[in-house]
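Visitor: Pasting the sequence and the predicted model now:
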Protein chains: 2
Amino acid sequence: MAATIRDVAQRAKVAPSTVSAVLNNKGYVHHDTRARIEQAIRDLKYIPRRSARSLTTRTSGNIGFIVNENHFTRAEPFYTKVFLGTEFQARRHDFYVLLTSVSDSYASYRDMPRFLLERNVDGVIIAGSVPARLIQDVVDQEVPVVLVDFANGGRSLPRVLIDNRHGAYLATRHLLERGHERIGFIGGNKPHPSRMERFEGFRDALLESGLPVNEDWVALSDTRSSVELGEELFHALWDKPEKPGALVCFNDAIAMGVLHAAHAMNVKIPTELSIVGFDDVDACAHTSPPLSTVRVQKEELGMVAMRTLHDLIAGREKAMVSTRIGVELVIRQSTGPGQVLSREA
Amino acid sequence: MAATIRDVAQRAKVAPSTVSAVLNNKGYVHHDTRARIEQAIRDLKYIPRRSARSLTTRTSGNIGFIVNENHFTRAEPFYTKVFLGTEFQARRHDFYVLLTSVSDSYASYRDMPRFLLERNVDGVIIAGSVPARLIQDVVDQEVPVVLVDFANGGRSLPRVLIDNRHGAYLATRHLLERGHERIGFIGGNKPHPSRMERFEGFRDALLESGLPVNEDWVALSDTRSSVELGEELFHALWDKPEKPGALVCFNDAIAMGVLHAAHAMNVKIPTELSIVGFDDVDACAHTSPPLSTVRVQKEELGMVAMRTLHDLIAGREKAMVSTRIGVELVIRQSTGPGQVLSREA
DNA sequence: GCACATTATCGAACCGGTTCGATAATTTTT
DNA sequence: AAAAATTATCGAACCGGTTCGATAATGTGC
């Protein structure tokens, strides 16, 4: 039914290889011949099959997007947006994106995404933290890789990161400028590099203002950041004799957990407690009160990663590149003026 | 570098065709031979290449997911979730999902998604409304199709739909049970089949209670349903001399627009006006007040569509199947008791 | 013990592109 | 005018699987 390159060749009275030359703009083809071939292509509505082309060129036209199962199954809006950004940019480069997740129990090369085993991708984007072993296996396959929001320890791979430190710095400065002095930091996921960076940004802003970090107002955890964890951590903090007047939260999920828990305990936001989140997920604008947060351009992360990967695939980029995506403070209504109490007293 | 089927054959001292037979569990292979081949496969870490397999079997292992550009570029959470559902189910069937969008200006077969032109998908899922011409072209390609949340007029294609009528009926009954009598319906997107169905569910519930549909409290529009449209429609309604006490909204975006506009005009929700949305997007739980709505299992829509498509591809399903995905009422705090005023007066 | 079915394996052809060396015609250089 | 370079086209081989008919060995029925 569908036309093949030989059908086109026959109709244009040339060899298949000449048609191929026209299709790929290679070698010498006489102007008239080219016109004849192009006409034949139009007549037969010919379009080369991906599978045939893939076999011989050893390229698939696909790129793989790998995200940790934990991020994915909970349909976390963050990485979904990163994925959409990747997808959007991929389309411009005529690539398709194959999405998959990996579990923490990754053990051997056999657990690699099928698209890698079957050599069905020309490159891979890895979003968020994944087992080190997986990264090793991907690199061993000699497939170009770009990491997003994950700076893998030793190995030096191209990566696209969030400016976590600056974001947390901005959030903290904002609270300081509103007159807060008793500022805490809460969030989980200790091993995640973002956590450290965000905490450092928080700490730097405090130190810059001559304020110490009060350990009583810092609540961390080893488990994943989630709304539930936010509630838990809030309760832990609120039991302390001296309470903070403002909290910098590791991310919006945590912040929303705090919001809920505070609401349940009748703690008024922002009059009794100010809260800043991080990420700016959609729901932030609709919480009550709307959540001040640090906006991360999630789609941009995915887009930049795809551009970097494309450069890598095209062989344009050799050096390891590390890009930081900027952040911006979004002030809504969860941050009010701080009570400057102890000063005068 | 990577092993081919001939390498495996050589090592196991058999013909490539015998290896193929083992790989695909076809024909007769002696037990010992099979064991030898399997050992060779393990030794060489052999995995067949997708591209080679695709060329000869004329299957790609991919399915295409098409969504209207308007739904997609605005990163609408609804179809994103449907996509994730599809993706989740696809993985179970060992398929990958290629995502793309089409624009309303679709004109000819050349505008079809590239994965169709290149014959790089074994089936297609179309989510939401798309140009009729596109559907025609896809059908002409003889590629299995399943529609999601879109009942294409004349043509009779397998589809997975939302139980819109019942959802709107439930929402309206809920308001009636709270004592409301002055209930309106607002929403846009007239040509969308869901709109009609939801309106009918609303109407049926009213009629069942012996209440007429008051045209003054029905505000429709031809443009897309959005937060902005919700605000507009609210203002239009609120200008009327007699105001409704409750509104059934076409979807959550509209409802959130109403919420915003009401808030801006100092109209108290739910004391002065009750609101029910439709879809139950994530943000619903976080609005102020949290939005009562009709929950649609978005992931389920995508999963069922994928299952249906898989049956179609495997040739298990011939007849046109149309599935309705159930809905459930989620009561939050945007719906209060209705004032039974004119009764006694 | 012979005809026939079943089991087991093989090799060649094929899927539909791309690549590359051979060849010929034309143009440029010397 | 011969040699060299450029332009134009072709056909065969190849990518790495699957398919299918041929052939041989073994088992079954009568």
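Guide: Right, received. Where do you want to start? Numbering: from 1, shown residues only, chains lettered A, B, ... in the order given.

Visitor: Helices of the stretch 101-250 of chain A, start to end?
Guide: Per DSSP state H, counting those that start in this stretch, the stretch 101-250 of chain A carries helices over the ranges A:114-117, A:132-140, A:164-177, A:193-208, A:227-238.

Visitor: how about the ones you listed, which one is nearest chain B?
Guide: helix A:114-117 (4.7 Å; CB to the nearest CB). Just so you know, the C-beta spots here come from the backbone N, C-alpha and C atoms, and that holds for glycine as well.

Visitor: Run the contact check for the closest one versus DNA strand D.
Guide: No. Contact of helix A:114-117 with DNA strand D is not found when judged by CB under 7 Å from any atom of the strand; the minimum separation is 10.9 Å.

Visitor: how about the helices of the stretch 101-250 of chain A, which one is nearest residue A:297?
Guide: Nearest to residue A:297 among those is helix A:164-177 (11.4 Å), distances taken as CB to CB.

Visitor: Apart from its chain neighbours, what residue comes closest to residue A:289?
Guide: Spatial nearest neighbour of residue A:289, excluding adjacent residues (CB to CB, 6 or more residues apart in numbering or on different chains): residue A:333 at 3.8 Å.

Visitor: ok, back up a step: can you say which of the helices of the stretch 101-250 of chain A is packed in most?
Guide: Highest mean neighbour count among the helices of the stretch 101-250 of chain A (mean count of other CB atoms under 10 Å in any protein chain shown): helix A:164-177, with a mean of 23.

Visitor: list the helices and strands that helix packs on?
Guide: Secondary-structure packing of helix A:164-177 (3 or more CB pairs under 8 Å, 6 or more residues apart in numbering or on different chains; DSSP states H and E): strand A:183-186, helix A:193-208, strand A:246-249, strand A:274-276, strand A:293-296, strand A:327-330.

Visitor: quick one on the thing from earlier: now the helices of the stretch 101-250 of chain A in TSV, with mean pLDDT?
Guide: Formatted as TSV, the helices of the stretch 101-250 of chain A follow (pLDDT from 0 to 100):
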stretch	mean pLDDT
helix A:114-117	96
helix A:132-140	93
helix A:164-177	97
helix A:193-208	92
helix A:227-238	89
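
Visitor: Generate a markdown table for the ones you listed, with distance to residue A:187 as supplementary columns.
Guide: Putting the helices of the stretch 101-250 of chain A into a markdown table (distance: least, CB to CB, whole Å) gives the following:
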| stretch | distance to residue A:187 |
| --- | --- |
| helix A:114-117 | 33 |
| helix A:132-140 | 23 |
| helix A:164-177 | 10 |
| helix A:193-208 | 6 |
| helix A:227-238 | 8 |
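
Visitor: Show me the one of those that comes nearest residue A:274.
Guide: From the helices of the stretch 101-250 of chain A, taking CB to CB, the stretch that ends up closest is helix A:164-177, at 6.1 Å.

Visitor: Just checking the distance from the closest one to the centre of its chain.
Guide: The chain centroid and the centroid of helix A:164-177 are separated by 21 Å under CA atoms, centre = their mean, to the nearest Å.

Visitor: check contacts around the closest residue to DNA strand D within the stretch 101-250 of chain A.
Guide: Of all residues in the stretch 101-250 of chain A, residue A:119 sits closest to DNA strand D, with a separation of 8.4 Å (CB to the nearest atom of the strand). When contacts are counted by CB atoms under 8 Å, 6 or more residues apart in numbering or on different chains, residue A:119 is found next to A:58, A:60, B:2, B:49, B:50, B:51.

Visitor: rewinding a little: which secondary structure state does the residue nearest to residue A:289 sit in?
Guide: The local conformation at residue A:333, judged by DSSP: H, G, I helix; E, B strand; the rest coil, is coil.

Visitor: right, and it touches residue A:274 too?
Guide: No. Residue A:333 lies out of contact with residue A:274 (CB atoms under 8 Å); the separation is 9.9 Å.

Visitor: The two - which one has more neighbours?
Guide: residue A:274 (25 against 14; other CB atoms under 10 Å in any protein chain shown).

Visitor: coming back round to it: so, if you compare the contacts of residue A:119, which one comes nearest to residue B:313?
Guide: Distance ranking of the contacts of residue A:119 against residue B:313, using CB to CB, places residue B:50 first at 16.5 Å.

Visitor: low-scoring pLDDT stretches of the stretch 151-300 of chain A, where are they?
Guide: Within the stretch 151-300 of chain A, the stretches with pLDDT under 70 are A:153-154, A:189-191.

Visitor: Just the element for the closest residue to chain B within it, please.
Guide: Closest residue of the stretch 151-300 of chain A to chain B, CB to the nearest CB: residue A:288 (3.0 Å). Following DSSP states H and E, there is no helix or strand that holds residue A:288.

Visitor: quick revisit: tell me the residues that contact both of residue A:333 and residue A:274, please.
Guide: Residues within reach of residue A:333 and of residue A:274 at once, by CB under 8 Å, 6+ apart, are residue A:292.

Visitor: how far does stretch A:168-182 sit from the chain's center?
Guide: Here the centre of stretch A:168-182 is set off from its chain's centre by 26 Å, with CA atoms, centre = their mean.

Visitor: same question, stretch A:201-221
Guide: Relative to its parent chain, stretch A:201-221 has a centroid offset of 27 Å by CA atoms, centre = their mean.

Visitor: Thank you kindly, that will do.
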